[in-house]
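>>> sequence first, then the predicted structure:
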Amino acid sequence: QVQPVESGGGLVQAGGSLRLSCAASERTFRTYTITWFRQAPGKEREFVAGITWVGANTYYADSVKGRFTISRDFAKNTVYLQMNSLKPEDTAVYYCAAKRDYSGSVYQTKDYNYWGQGTQVTVSS
């Protein structure tokens with residue numbers, strides 16, 4: 001299995017929390033940067049958070065800094081996105097994507113080789 005698989009989306013009230021999971025094959029998980037993007041209706045897909053293989057360096061969009069945390073579980077070949085203090089503007093389909101470390105930009109969708117099918121996150125006010 002090369003394609004990442006997302007889970008954990010749902011409906012939550014503003015101020016609540018959700019944890020998204022991105023499961024990948026060991027081959028994809030190792031040596032790849034894993035990143036979460038999101039796309040709201042009528043908007044372009046945007047970067048949310050990413051984590052590299054080498055050094056487990058993390059990157060966040062300004063809009064989610066301090067509220068979201070990305071992490072890797074090496075034993076389970078899974079990347080998590082813990083989302084706290086959710087806001088209605090966080091409502092979107094969240095996608096997990098993978099690219100090789102050091103290849104392209106962590107922020108650009110065009111540089112990612114593998115994409116999941118997406119999971120819906122809806123935050124009610």
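Looks like it came in fine.
>>> next up, the contacts around Gln13.
Val123, Ser124 (CB atoms under 8 Å, 6 or more residues apart in numbering). Backbone N, C-alpha and C define where each C-beta goes, glycine included.
>>> swap the cut-off to 7 Å and go again
Neighbouring residues of Gln13 by CB atoms under 7 Å, 6 or more residues apart in numbering: Ser124.
>>> partner strands of the helix or strand containing Val12, with direction?
If you go by DSSP states H and E, Val12 is part of strand 10-13. Using DSSP bridges, strand 10-13 pairs in its sheet with strand 119-124 (parallel).
>>> sheet partners, orientation included, of the following helix or strand past the strand holding Val12?
Toward the C-terminus, strand 10-13 is succeeded by strand 18-23 as the next helix or strand (DSSP H and E). Strand 18-23 has the following strand partners under DSSP bridges: strand 5-7 (antiparallel), strand 78-83 (antiparallel).
>>> okay, these, which one's buried deepest?
Here the criterion is mean neighbour count by mean count of other CB atoms under 10 Å, and of the strands paired with strand 18-23 the winner is strand 78-83, at a mean of 22.
>>> one step back: quick check: buried residues in the strand holding Val12?
Buried positions in strand 10-13, judged by neighbour count with 16 or more other CB atoms under 10 Å: Val12.
>>> can you show me the helices along this protein?
Secondary structure of the chain (DSSP state H): helices at 26-29.
>>> out of the helices and strands in it, which is least certain?
Least confident helix or strand, the chain: helix 26-29 with a mean of 72, by mean pLDDT, DSSP states H and E.
>>> and that one, how far from the chain's centre?
16 Å (CA atoms, centre = their mean, to the nearest Å).
>>> for the residue positioned nearest the centre of the chain, what are its contacts?
Nearest to the mean C-alpha position of the chain, counting by CA atoms, centre = their mean, stands Trp36 at 2.0 Å. Trp36 makes contacts with Leu20, Val48, Ala49, Ile70, Leu81, Tyr94, Cys96, as judged by CB under 7 Å, 6+ apart.
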